[in-house]
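J.: Model the structure of this input:
(chains A, B, C and D)
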Protein chains: 2
Amino acid sequence: MPVSKKEISECPVDAMLSVIDGRWKGTILWRLSNGPMRTGELRRSIPGITERMLIRHLQELVRDGILLRRQASGVPPCVHYSISKYGWTLVPVLEVICAWGRRHLRLKGNGSM
Amino acid sequence: MPVSKKEISECPVDAMLSVIDGRWKGTILWRLSNGPMRTGELRRSIPGITERMLIRHLQELVRDGILLRRQASGVPPCVHYSISKYGWTLVPVLEVICAWGRRHLRLKGNGSM
DNA sequence: ATCCATACTGACAAATATGACAGTATGGTG
DNA sequence: CACCATACTGTCATATTTGTCAGTATGGAT
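T.: Okay, the predicted model is just below:
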């Protein structure tokens, strides 16, 4: 049940993209960059996402070491997700990507391309 | 006939990813970073790619302003692709992505994750 | 007893990306 | 003339990703 197209390949660019690629991964990381959140809280904060997709993406991000999952015992269950130490190394990369993307949108928007 | 999943959205990260996302775009840019190449030359230099996909990706990259297409008149046709000035602004971003990916692969390979 | 919320799973359908394969026009070569 | 190479397009099949919907266990509120 993979959520990202490319599984790990020898190409480093593809390896990185496979970690952040996925319809909602960017948004999830963005939300969590303000601090840990519960599953349902995340879901409610991302309009349009379904619980199914949220959970699949979370599982992949945990599997890739980007997120931490902490489950408090009890019923009903209470699970918190947060960005791991390793996950934080991704943030500067996302910022570079974001900066280029912002410029790209601006150029596109004013038709100067 | 889009080749990339995400068309332009308001999110800068998605906007950037939509430009480089596609099964072969990274490889194409990598090859062209050594200088302009003809369509068939590119195809032969990328094992496994089909002519159809090569051309679709090339067209998207041209549409996004990353590549230039120069057609010399004559029969049979002769078309050269090269990275545009704008396209070169993408290269440092790819390098950052690549650096993270390389480290990721190393850590993964190690089992130290 | 019925319903709600929680964090999930499983089985499927829909959307999208990728690939296979045939076809196009034209000039050169055997 | 038959055939090749060129840079493409169109159509359809397959693969992958995303989304929909119903279920699961349990404790508390109504």
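J.: For DNA strand C, what's its nearest residue on chain A.
T.: Nearest residue of chain A to DNA strand C, counting by C-beta to the nearest atom of the strand: A:Gly40, 3.0 Å away. Yep, even glycine has a C-beta here, placed from its N, CA and C like the rest.
J.: Let's verify that residue: helix, strand, or coil?
T.: Here A:Gly40 is recorded as helix under DSSP: H, G, I helix; E, B strand; the rest coil.
J.: any idea how far it lies from A:Arg23?
T.: Between A:Gly40 and A:Arg23 the computed distance is 19 Å (C-beta to C-beta, to the nearest Å).
J.: One more: A:Trp88?
T.: Distance check for A:Trp88 against A:Arg23: by C-beta to C-beta, it reads 23 Å.
J.: repeat for A:Ser73
T.: To A:Arg23, A:Ser73 is 32 Å away according to C-beta to C-beta.
J.: what's the helix or strand for A:Leu68?
T.: strand A:67-72 (DSSP states H and E).
J.: now the lengthiest helix in chain A: how far from the chain's centre is it?
T.: Using DSSP state H to define each element, chain A has its longest helix at helix A:91-109. Here the centre of helix A:91-109 is set off from its chain's centre by 17 Å, with C-alpha atoms, centre = their mean, to the nearest Å.
J.: again with stretch A:57-64
T.: The chain centroid and the centroid of stretch A:57-64 are separated by 9 Å under C-alpha atoms, centre = their mean.
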